[in-house]
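My questions are about this predicted structure, shown below with the sequence.
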Amino acid sequence: MQKITIHGGQKLSGTITISGAKNSAVALIPASVLCDEQTTIFNVPNISDTDALKEILSYLNAKIVQEKDTMVIDSSNIINKEIPESISKKLRASYYFMGALLGKYKKVSMYFPGGCPIGERPINLHLKAFEMLGAKVTNEGNKYTVEAEELKGTEIYLDFASVGATINIILAAVKATGVTTIENAAKEPEIVNVATFLNNMGAKITGAGTSKIKIKGVKKLHSCVHEVIPDRIEAGTYMIAGALLGENLKIANVIPEHVEALTSKLKDIGVDIKEGTDYFIINKVNKLKSTNIKTLIYPGFPTDLQQPITTLLTQCEGKSKIKETIWENRFLNTEYLNLMGAKIETKNDTAVISGPTPLKGCEVKATDLRAGACLVLAGLIAEGITTITNVEHILRGYDQIIQKLTNVGAKIELN
Ligand code: EPU
(Lines give C-alpha, C1' and ligand atoms only; values in the text may rest on other atoms or scores of the structure.)
Protein backbone atom coordinates (compact mmCIF):
# COMPACT_ATOMS: atom_id res chain seq x y z
CA MET A 1 0.00 0.00 0.00
CA GLN A 2 1.41 3.36 -1.01
CA LYS A 3 1.52 6.34 1.35
CA ILE A 4 2.04 10.07 0.93
CA THR A 5 4.44 11.69 3.37
CA ILE A 6 4.51 15.45 3.82
CA HIS A 7 6.94 17.61 5.82
CA GLY A 8 4.72 20.61 6.51
CA GLY A 9 5.36 24.33 6.60
CA GLN A 10 7.07 24.97 3.25
CA LYS A 11 6.08 28.10 1.34
CA LEU A 12 4.71 27.47 -2.16
CA SER A 13 5.91 29.63 -5.02
CA GLY A 14 6.23 29.19 -8.79
CA THR A 15 3.59 27.85 -11.15
CA ILE A 16 1.18 24.93 -11.01
CA THR A 17 -0.34 24.14 -14.39
CA ILE A 18 -3.79 22.62 -14.29
CA SER A 19 -4.50 19.40 -16.20
CA GLY A 20 -7.59 18.32 -18.10
CA ALA A 21 -10.76 17.88 -16.04
CA LYS A 22 -11.26 14.43 -14.55
CA ASN A 23 -15.04 14.68 -14.62
CA SER A 24 -14.97 15.70 -18.28
CA ALA A 25 -12.42 13.12 -19.44
CA VAL A 26 -14.24 10.28 -17.67
CA ALA A 27 -17.34 11.06 -19.76
CA LEU A 28 -15.53 11.83 -23.03
CA ILE A 29 -13.70 8.49 -23.10
CA PRO A 30 -16.90 6.38 -22.88
CA ALA A 31 -18.64 8.86 -25.26
CA SER A 32 -16.03 8.00 -27.89
CA VAL A 33 -17.67 4.59 -28.41
CA LEU A 34 -20.61 6.36 -30.06
CA CYS A 35 -18.31 7.39 -32.90
CA ASP A 36 -18.23 5.10 -35.91
CA GLU A 37 -14.66 6.18 -36.67
CA GLN A 38 -11.65 7.50 -34.74
CA THR A 39 -11.67 10.24 -32.10
CA THR A 40 -8.69 12.16 -30.78
CA ILE A 41 -8.88 13.70 -27.31
CA PHE A 42 -6.22 16.17 -26.14
CA ASN A 43 -5.38 17.18 -22.57
CA VAL A 44 -6.46 13.88 -20.97
CA PRO A 45 -5.32 13.84 -17.32
CA ASN A 46 -2.96 11.07 -16.28
CA ILE A 47 -5.02 9.60 -13.42
CA SER A 48 -6.07 6.08 -12.51
CA ASP A 49 -9.73 6.81 -13.34
CA THR A 50 -8.86 7.37 -17.01
CA ASP A 51 -6.66 4.22 -16.91
CA ALA A 52 -9.68 2.23 -15.68
CA LEU A 53 -11.82 3.55 -18.56
CA LYS A 54 -9.10 2.63 -21.05
CA GLU A 55 -9.22 -0.88 -19.61
CA ILE A 56 -12.97 -1.06 -20.27
CA LEU A 57 -12.50 0.26 -23.83
CA SER A 58 -9.81 -2.36 -24.53
CA TYR A 59 -12.04 -5.06 -23.07
CA LEU A 60 -14.72 -3.94 -25.57
CA ASN A 61 -12.16 -4.27 -28.40
CA ALA A 62 -11.67 -0.55 -29.06
CA LYS A 63 -8.15 0.43 -30.14
CA ILE A 64 -6.50 3.06 -27.97
CA VAL A 65 -3.22 4.80 -28.58
CA GLN A 66 -2.08 7.22 -25.94
CA GLU A 67 0.91 9.50 -26.18
CA LYS A 68 1.37 11.81 -23.19
CA ASP A 69 -1.98 13.55 -22.74
CA THR A 70 -3.39 12.73 -26.18
CA MET A 71 -5.67 9.72 -26.57
CA VAL A 72 -6.70 8.33 -29.94
CA ILE A 73 -9.64 5.93 -29.75
CA ASP A 74 -10.90 3.81 -32.63
CA SER A 75 -14.36 2.46 -31.83
CA SER A 76 -15.14 0.99 -35.25
CA ASN A 77 -14.71 -2.65 -34.16
CA ILE A 78 -16.28 -2.63 -30.71
CA ILE A 79 -17.70 -5.89 -29.40
CA ASN A 80 -20.68 -5.00 -27.23
CA LYS A 81 -20.29 -7.55 -24.46
CA GLU A 82 -21.19 -7.55 -20.77
CA ILE A 83 -18.88 -5.35 -18.69
CA PRO A 84 -17.82 -7.39 -15.64
CA GLU A 85 -17.99 -6.08 -12.09
CA SER A 86 -14.21 -6.32 -11.66
CA ILE A 87 -13.77 -3.36 -14.04
CA SER A 88 -17.09 -1.51 -13.72
CA LYS A 89 -16.59 -1.04 -9.97
CA LYS A 90 -13.19 0.60 -10.33
CA LEU A 91 -14.88 3.98 -10.77
CA ARG A 92 -18.18 5.80 -10.84
CA ALA A 93 -17.91 6.96 -14.42
CA SER A 94 -18.04 3.42 -15.81
CA TYR A 95 -21.79 4.11 -15.88
CA TYR A 96 -21.30 6.33 -18.91
CA PHE A 97 -20.85 3.12 -20.90
CA MET A 98 -24.55 2.50 -20.15
CA GLY A 99 -25.70 5.55 -22.13
CA ALA A 100 -23.01 5.21 -24.81
CA LEU A 101 -23.46 1.48 -25.58
CA LEU A 102 -27.24 1.76 -25.33
CA GLY A 103 -27.14 4.76 -27.68
CA LYS A 104 -25.00 2.94 -30.24
CA TYR A 105 -26.11 -0.72 -30.01
CA LYS A 106 -29.53 -0.40 -28.30
CA LYS A 107 -28.28 -2.78 -25.64
CA VAL A 108 -25.90 -2.68 -22.70
CA SER A 109 -25.19 -5.11 -19.92
CA MET A 110 -22.96 -4.10 -17.04
CA TYR A 111 -22.52 -4.12 -13.30
CA PHE A 112 -23.20 -1.25 -10.89
CA PRO A 113 -20.37 1.33 -10.91
CA GLY A 114 -17.96 2.01 -8.06
CA GLY A 115 -16.66 5.40 -6.87
CA CYS A 116 -16.01 7.25 -3.63
CA PRO A 117 -18.09 6.29 -0.56
CA ILE A 118 -19.61 9.78 -0.25
CA GLY A 119 -23.26 8.78 -0.19
CA GLU A 120 -25.72 6.22 -1.43
CA ARG A 121 -25.27 7.24 -5.09
CA PRO A 122 -28.31 5.64 -6.76
CA ILE A 123 -28.74 5.63 -10.56
CA ASN A 124 -32.54 5.70 -10.59
CA LEU A 125 -32.68 8.94 -12.63
CA HIS A 126 -30.45 7.43 -15.34
CA LEU A 127 -32.54 4.24 -15.56
CA LYS A 128 -35.87 6.08 -15.56
CA ALA A 129 -34.69 8.25 -18.44
CA PHE A 130 -33.53 5.18 -20.44
CA GLU A 131 -37.02 3.74 -19.96
CA MET A 132 -38.59 7.00 -21.13
CA LEU A 133 -36.51 6.72 -24.29
CA GLY A 134 -38.07 3.31 -24.89
CA ALA A 135 -35.60 0.94 -23.23
CA LYS A 136 -36.37 -1.94 -20.90
CA VAL A 137 -34.26 -2.15 -17.76
CA THR A 138 -33.75 -5.44 -15.93
CA ASN A 139 -31.46 -6.11 -13.03
CA GLU A 140 -30.23 -9.18 -11.23
CA GLY A 141 -28.32 -8.25 -8.10
CA ASN A 142 -25.73 -5.71 -9.21
CA LYS A 143 -26.07 -6.45 -12.91
CA TYR A 144 -28.12 -4.16 -15.15
CA THR A 145 -29.28 -4.92 -18.67
CA VAL A 146 -30.82 -2.08 -20.64
CA GLU A 147 -32.13 -2.76 -24.12
CA ALA A 148 -34.47 -1.24 -26.68
CA GLU A 149 -35.84 -2.12 -30.08
CA GLU A 150 -35.81 1.56 -30.88
CA LEU A 151 -34.80 4.62 -28.85
CA LYS A 152 -37.30 7.41 -29.42
CA GLY A 153 -36.79 11.05 -28.51
CA THR A 154 -38.98 12.28 -25.67
CA GLU A 155 -39.27 14.98 -22.98
CA ILE A 156 -37.43 14.15 -19.79
CA TYR A 157 -37.69 16.19 -16.61
CA LEU A 158 -34.98 15.43 -14.07
CA ASP A 159 -36.13 15.53 -10.43
CA PHE A 160 -32.60 16.61 -9.56
CA ALA A 161 -30.10 18.29 -11.89
CA SER A 162 -27.80 15.25 -11.82
CA VAL A 163 -24.50 15.54 -13.70
CA GLY A 164 -24.30 11.82 -14.42
CA ALA A 165 -27.93 11.44 -15.49
CA THR A 166 -27.74 14.50 -17.79
CA ILE A 167 -24.66 13.11 -19.56
CA ASN A 168 -26.05 9.58 -19.76
CA ILE A 169 -29.30 10.84 -21.32
CA ILE A 170 -27.34 12.83 -23.90
CA LEU A 171 -25.28 9.73 -24.74
CA ALA A 172 -28.37 7.53 -25.09
CA ALA A 173 -30.34 10.10 -27.09
CA VAL A 174 -27.73 11.27 -29.54
CA LYS A 175 -28.62 8.56 -32.11
CA ALA A 176 -32.27 8.11 -31.10
CA THR A 177 -35.04 8.91 -33.55
CA GLY A 178 -36.61 12.33 -33.08
CA VAL A 179 -35.92 14.99 -30.50
CA THR A 180 -35.14 14.51 -26.80
CA THR A 181 -35.35 17.40 -24.36
CA ILE A 182 -33.91 17.38 -20.86
CA GLU A 183 -35.55 19.83 -18.45
CA ASN A 184 -33.79 20.70 -15.19
CA ALA A 185 -30.56 19.46 -16.77
CA ALA A 186 -27.28 19.89 -14.91
CA LYS A 187 -25.30 22.95 -16.09
CA GLU A 188 -21.75 21.98 -15.11
CA PRO A 189 -18.97 22.94 -17.58
CA GLU A 190 -18.16 19.24 -18.02
CA ILE A 191 -21.58 18.77 -19.64
CA VAL A 192 -20.85 21.51 -22.16
CA ASN A 193 -17.50 19.84 -22.89
CA VAL A 194 -19.18 16.47 -23.58
CA ALA A 195 -21.90 18.06 -25.76
CA THR A 196 -19.24 19.92 -27.77
CA PHE A 197 -17.34 16.67 -28.31
CA LEU A 198 -20.47 14.94 -29.63
CA ASN A 199 -21.39 17.96 -31.80
CA ASN A 200 -17.86 17.83 -33.25
CA MET A 201 -18.72 14.25 -34.28
CA GLY A 202 -21.92 15.42 -35.98
CA ALA A 203 -24.46 15.26 -33.14
CA LYS A 204 -27.13 17.95 -32.87
CA ILE A 205 -27.18 19.09 -29.24
CA THR A 206 -28.20 22.59 -28.20
CA GLY A 207 -28.61 24.24 -24.81
CA ALA A 208 -25.79 22.46 -22.95
CA GLY A 209 -24.81 24.70 -20.03
CA THR A 210 -28.44 25.75 -19.51
CA SER A 211 -31.18 23.84 -17.71
CA LYS A 212 -32.87 22.83 -20.99
CA ILE A 213 -30.92 20.66 -23.40
CA LYS A 214 -32.27 19.57 -26.77
CA ILE A 215 -30.87 16.57 -28.65
CA LYS A 216 -31.94 15.91 -32.23
CA GLY A 217 -31.03 12.32 -33.07
CA VAL A 218 -28.59 11.66 -35.93
CA LYS A 219 -27.73 8.41 -37.74
CA LYS A 220 -23.96 8.56 -37.88
CA LEU A 221 -21.14 10.13 -35.88
CA HIS A 222 -17.86 10.80 -37.60
CA SER A 223 -14.22 11.25 -36.64
CA CYS A 224 -13.27 14.35 -34.63
CA VAL A 225 -10.62 15.99 -32.46
CA HIS A 226 -11.45 17.53 -29.11
CA GLU A 227 -9.80 19.00 -26.02
CA VAL A 228 -10.63 18.34 -22.36
CA ILE A 229 -11.33 21.60 -20.44
CA PRO A 230 -9.07 22.48 -17.48
CA ASP A 231 -10.02 20.79 -14.22
CA ARG A 232 -11.85 23.39 -12.09
CA ILE A 233 -11.66 21.20 -8.98
CA GLU A 234 -7.92 20.59 -9.33
CA ALA A 235 -7.52 24.35 -9.91
CA GLY A 236 -9.62 25.10 -6.83
CA THR A 237 -7.60 22.70 -4.69
CA TYR A 238 -4.32 24.44 -5.61
CA MET A 239 -5.89 27.89 -5.21
CA ILE A 240 -6.67 26.86 -1.63
CA ALA A 241 -3.05 25.68 -1.27
CA GLY A 242 -2.05 29.19 -2.40
CA ALA A 243 -4.28 30.76 0.24
CA LEU A 244 -2.60 28.59 2.88
CA LEU A 245 1.04 28.89 1.82
CA GLY A 246 1.38 30.89 -1.40
CA GLU A 247 4.15 33.33 -2.15
CA ASN A 248 3.10 34.58 -5.54
CA LEU A 249 1.86 31.07 -6.34
CA LYS A 250 0.55 31.04 -9.92
CA ILE A 251 -2.23 28.63 -10.86
CA ALA A 252 -2.10 28.48 -14.65
CA ASN A 253 -4.43 27.10 -17.33
CA VAL A 254 -7.67 27.85 -15.52
CA ILE A 255 -11.00 29.14 -16.84
CA PRO A 256 -11.68 31.75 -14.10
CA GLU A 257 -15.44 31.71 -14.76
CA HIS A 258 -15.54 28.01 -13.78
CA VAL A 259 -14.19 28.72 -10.28
CA GLU A 260 -16.09 31.95 -9.54
CA ALA A 261 -17.93 30.52 -6.51
CA LEU A 262 -14.57 29.66 -4.92
CA THR A 263 -12.83 32.91 -5.91
CA SER A 264 -15.63 34.92 -4.38
CA LYS A 265 -15.38 32.98 -1.07
CA LEU A 266 -11.58 33.34 -1.00
CA LYS A 267 -11.93 37.11 -1.50
CA ASP A 268 -14.62 37.27 1.22
CA ILE A 269 -12.37 35.68 3.81
CA GLY A 270 -9.46 37.99 2.93
CA VAL A 271 -7.20 35.92 0.65
CA ASP A 272 -4.86 37.94 -1.59
CA ILE A 273 -5.83 36.70 -5.05
CA LYS A 274 -5.19 38.30 -8.42
CA GLU A 275 -7.04 37.11 -11.50
CA GLY A 276 -5.60 36.99 -15.03
CA THR A 277 -7.26 35.81 -18.23
CA ASP A 278 -6.41 32.16 -17.59
CA TYR A 279 -4.52 32.18 -14.28
CA PHE A 280 -4.56 33.28 -10.64
CA ILE A 281 -1.69 34.55 -8.46
CA ILE A 282 -2.23 33.90 -4.78
CA ASN A 283 -0.44 35.00 -1.62
CA LYS A 284 -0.94 33.79 1.93
CA VAL A 285 -2.12 36.50 4.32
CA ASN A 286 -1.87 36.15 8.07
CA LYS A 287 -5.42 36.92 9.15
CA LEU A 288 -8.41 35.31 7.49
CA LYS A 289 -12.09 35.70 8.43
CA SER A 290 -14.51 32.82 8.96
CA THR A 291 -17.37 32.27 6.51
CA ASN A 292 -20.38 30.09 5.72
CA ILE A 293 -20.53 27.77 2.72
CA LYS A 294 -23.42 25.86 1.23
CA THR A 295 -22.63 23.36 -1.53
CA LEU A 296 -24.84 23.68 -4.59
CA ILE A 297 -25.10 22.57 -8.19
CA TYR A 298 -23.12 24.68 -10.71
CA PRO A 299 -22.62 27.65 -10.67
CA GLY A 300 -22.95 27.39 -6.87
CA PHE A 301 -20.13 26.34 -4.56
CA PRO A 302 -19.02 22.86 -5.73
CA THR A 303 -19.34 19.95 -3.34
CA ASP A 304 -16.01 18.66 -4.69
CA LEU A 305 -14.22 21.66 -3.10
CA GLN A 306 -16.09 21.43 0.19
CA GLN A 307 -13.58 19.07 1.79
CA PRO A 308 -10.47 20.89 0.47
CA ILE A 309 -11.71 24.29 1.69
CA THR A 310 -12.37 22.86 5.17
CA THR A 311 -8.61 22.84 5.73
CA LEU A 312 -8.49 26.57 4.96
CA LEU A 313 -11.44 27.25 7.28
CA THR A 314 -9.48 25.69 10.16
CA GLN A 315 -7.09 28.65 9.73
CA CYS A 316 -9.80 31.35 9.70
CA GLU A 317 -10.68 33.37 12.79
CA GLY A 318 -14.05 32.49 14.29
CA LYS A 319 -16.71 29.90 13.50
CA SER A 320 -17.28 28.81 9.90
CA LYS A 321 -20.24 26.72 8.88
CA ILE A 322 -20.50 24.30 5.96
CA LYS A 323 -23.78 22.86 4.74
CA GLU A 324 -23.35 19.93 2.35
CA THR A 325 -26.46 19.58 0.21
CA ILE A 326 -25.33 17.14 -2.52
CA TRP A 327 -23.82 14.09 -0.76
CA GLU A 328 -24.90 12.52 2.55
CA ASN A 329 -21.49 11.28 3.61
CA ARG A 330 -18.93 13.93 2.77
CA PHE A 331 -17.50 14.81 6.18
CA LEU A 332 -15.27 11.75 6.70
CA ASN A 333 -12.25 14.07 6.38
CA THR A 334 -13.20 16.01 9.51
CA GLU A 335 -12.32 13.11 11.84
CA TYR A 336 -8.74 13.22 10.55
CA LEU A 337 -8.51 17.02 10.58
CA ASN A 338 -9.56 16.87 14.25
CA LEU A 339 -6.86 14.27 14.88
CA MET A 340 -4.39 16.84 13.50
CA GLY A 341 -5.69 19.52 15.89
CA ALA A 342 -8.71 21.06 14.15
CA LYS A 343 -11.92 21.83 16.03
CA ILE A 344 -14.76 20.63 13.83
CA GLU A 345 -18.17 19.44 14.92
CA THR A 346 -20.45 17.72 12.44
CA LYS A 347 -24.14 17.03 12.69
CA ASN A 348 -26.19 15.66 9.78
CA ASP A 349 -25.44 17.87 6.76
CA THR A 350 -23.59 20.59 8.68
CA ALA A 351 -20.03 21.06 9.92
CA VAL A 352 -18.95 23.88 12.24
CA ILE A 353 -15.27 24.73 12.18
CA SER A 354 -13.77 26.86 14.96
CA GLY A 355 -10.48 28.49 14.13
CA PRO A 356 -7.75 29.24 13.86
CA THR A 357 -6.13 26.05 15.11
CA PRO A 358 -2.55 25.02 14.38
CA LEU A 359 -2.35 21.54 12.83
CA LYS A 360 0.15 18.82 13.77
CA GLY A 361 1.31 16.03 11.48
CA CYS A 362 0.20 12.45 12.22
CA GLU A 363 -1.04 9.39 10.30
CA VAL A 364 -4.37 10.01 8.57
CA LYS A 365 -6.48 8.15 6.02
CA ALA A 366 -7.81 9.39 2.66
CA THR A 367 -11.34 7.95 2.86
CA ASP A 368 -12.25 9.35 -0.57
CA LEU A 369 -10.74 11.50 -3.31
CA ARG A 370 -11.53 15.01 -2.06
CA ALA A 371 -11.04 13.99 1.59
CA GLY A 372 -7.56 12.99 0.44
CA ALA A 373 -7.02 16.41 -1.16
CA CYS A 374 -8.16 18.04 2.10
CA LEU A 375 -5.58 16.02 4.04
CA VAL A 376 -2.79 16.83 1.59
CA LEU A 377 -3.55 20.53 2.17
CA ALA A 378 -3.61 19.92 5.93
CA GLY A 379 -0.27 18.10 5.74
CA LEU A 380 1.25 21.02 3.82
CA ILE A 381 0.53 23.44 6.70
CA ALA A 382 0.96 21.04 9.63
CA GLU A 383 3.92 21.10 11.95
CA GLY A 384 6.03 17.96 11.49
CA ILE A 385 5.29 14.93 9.34
CA THR A 386 1.91 13.86 8.01
CA THR A 387 1.47 10.38 6.55
CA ILE A 388 -1.59 9.75 4.41
CA THR A 389 -2.78 6.21 3.76
CA ASN A 390 -5.30 4.95 1.16
CA VAL A 391 -3.73 7.32 -1.36
CA GLU A 392 -5.14 5.38 -4.31
CA HIS A 393 -8.22 7.60 -3.85
CA ILE A 394 -6.08 10.71 -4.43
CA LEU A 395 -4.30 9.24 -7.45
CA ARG A 396 -7.68 8.53 -9.06
CA GLY A 397 -8.28 12.23 -9.55
CA TYR A 398 -5.15 14.41 -9.23
CA ASP A 399 -2.71 14.29 -12.15
CA GLN A 400 0.94 14.25 -10.94
CA ILE A 401 0.05 15.76 -7.57
CA ILE A 402 3.42 14.93 -6.00
CA GLN A 403 5.39 16.42 -8.90
CA LYS A 404 3.24 19.53 -9.16
CA LEU A 405 3.54 20.32 -5.44
CA THR A 406 7.25 19.45 -5.30
CA ASN A 407 7.90 21.84 -8.20
CA VAL A 408 6.53 24.76 -6.16
CA GLY A 409 8.45 23.95 -2.98
CA ALA A 410 6.44 21.36 -1.03
CA LYS A 411 8.22 18.48 0.68
CA ILE A 412 5.96 15.66 -0.36
CA GLU A 413 6.69 12.07 -1.36
CA LEU A 414 4.82 9.02 -2.53
CA ASN A 415 6.30 5.91 -0.98
N1 EPU B 1 -28.80 11.20 -7.58
C2 EPU B 1 -29.90 10.42 -7.41
N3 EPU B 1 -30.24 9.56 -8.44
C4 EPU B 1 -29.53 9.48 -9.58
C5 EPU B 1 -28.39 10.30 -9.73
C6 EPU B 1 -28.04 11.16 -8.72
O7 EPU B 1 -30.57 10.45 -6.39
O8 EPU B 1 -29.90 8.70 -10.46
C9 EPU B 1 -28.41 12.11 -6.48
C10 EPU B 1 -27.07 11.67 -5.85
O11 EPU B 1 -27.24 10.66 -4.90
C12 EPU B 1 -26.57 12.96 -5.26
C13 EPU B 1 -27.06 14.01 -6.27
O14 EPU B 1 -28.13 13.39 -6.98
O15 EPU B 1 -27.16 13.20 -4.02
C16 EPU B 1 -25.99 14.49 -7.23
O17 EPU B 1 -25.54 13.45 -8.03
P18 EPU B 1 -24.95 13.64 -9.50
O19 EPU B 1 -25.60 12.62 -10.35
O20 EPU B 1 -25.01 15.06 -9.92
O21 EPU B 1 -23.44 13.25 -9.26
P22 EPU B 1 -22.55 12.26 -10.10
O23 EPU B 1 -22.82 12.45 -11.55
O24 EPU B 1 -22.65 10.88 -9.55
C25 EPU B 1 -20.61 13.95 -10.46
C26 EPU B 1 -19.14 13.94 -10.17
C27 EPU B 1 -18.91 14.08 -8.68
C28 EPU B 1 -19.57 15.37 -8.19
C29 EPU B 1 -21.06 15.38 -8.57
C30 EPU B 1 -21.74 16.68 -8.21
C31 EPU B 1 -18.32 12.51 -11.93
C32 EPU B 1 -17.74 11.21 -12.33
N33 EPU B 1 -18.60 12.68 -10.65
O34 EPU B 1 -21.14 12.82 -9.77
O35 EPU B 1 -17.51 14.19 -8.51
O36 EPU B 1 -19.46 15.46 -6.80
O37 EPU B 1 -21.20 15.17 -9.99
O38 EPU B 1 -21.12 17.76 -8.82
O39 EPU B 1 -18.50 13.40 -12.75
C40 EPU B 1 -15.46 13.99 -7.40
O41 EPU B 1 -14.91 14.35 -8.45
O42 EPU B 1 -14.85 13.89 -6.31
C43 EPU B 1 -16.89 13.63 -7.44
C44 EPU B 1 -17.47 12.91 -6.50
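Looks like it arrived, so ask away. Residues are numbered from 1 along each chain as shown.

who's in contact with the residue in the stretch 101-250 of the chain that the ligand sits nearest to?
Here the stretch 101-250 of the chain gets closest to the ligand at one residue, residue 164, 2.8 Å apart by Cβ to the nearest ligand atom. In short, each C-beta sits where N, CA and C put it, glycine included. Contacts for residue 164 were tallied using Cβ atoms under 8 Å, 6 or more residues apart in numbering; they are 92, 93, 95, 96, 123, 126.

can you rerun that using 7 Å?
95, 126 (Cβ atoms under 7 Å, 6 or more residues apart in numbering).

And it, which helix or strand is it part of?
Assessed by DSSP states H and E, residue 164 sits inside helix 163-173.

Say whether the ligand is contacted by the helix or strand immediately after that helix in the chain.
Going down the chain from helix 163-173, the next helix or strand is strand 179-183, by DSSP H and E. No. Strand 179-183 stays out of contact with the ligand when judged by Cβ under 6 Å from any ligand atom, the minimum separation being 13.0 Å.

ok, back up a step: how near is the residue of the stretch 101-250 of the chain closest to the ligand to residue 270?
Here the criterion is Cβ to Cβ, to the nearest Å. By it, residue 164 lies 36 Å from residue 270.

hang on, the earlier thing: where does the residue of the stretch 101-250 of the chain closest to the ligand land on pLDDT?
Per-residue pLDDT puts residue 164 at 97.

which parts of the stretch 301-415 of the chain sit against the ligand?
So far as Cβ under 6 Å from any ligand atom goes, the stretch 301-415 of the chain lies against the ligand at 303, 304, 326, 327, 369, 370, 397.

Among these, which lie within helices?
Taking DSSP state H, the ones among those that sit in helices are 369, 370.

what's the most distant pair in the residues of the stretch 301-415 of the chain next to the ligand?
326 and 397 (16.5 Å; Cβ to Cβ).

which of the two has more neighbours?
residue 397 (27 against 19; other Cβ atoms under 10 Å).

which ones are touching the more buried one?
Counting by Cβ under 7 Å, 6+ apart, residue 397 has contacts 22, 47, 49, 369.

Then residue 198?
Counting by Cβ under 7 Å, 6+ apart, residue 198 has contacts 31, 170, 174, 205.

Is residue 344 in a helix, a strand, or coil?
Secondary structure assignment for residue 344 (DSSP: H, G, I helix; E, B strand; the rest coil): strand.

For burial, what's the neighbour tally of it?
Neighbour number of residue 344 under other Cβ under 10 Å is 21.

Next one: it from residue 323, what distance?
In terms of Cβ to Cβ, residue 344 sits 14 Å off from residue 323.

Ok, residue 157 next?
26 Å.

Which of these two has more residues huddled nearby?
A direct count of neighbours by other Cβ under 10 Å for residue 157 and residue 323 places residue 323 higher, at 15 against 11.

just checking, the more buried one touches residue 301?
No. At 9.8 Å, residue 323 does not count as touching residue 301 under the criterion of Cβ atoms under 7 Å.

Overlap of the contact sets of these two?
Residues touching both residue 323 and residue 301 (Cβ under 7 Å, 6+ apart): residue 294.

okay, now the nearest residue to residue 283 once chain neighbours are set aside: neighbour count?
Spatial nearest neighbour of residue 283, excluding adjacent residues (Cβ to Cβ, 6 or more residues apart in numbering): residue 272 at 4.1 Å. For residue 272, the neighbour count with other Cβ under 10 Å is 15.
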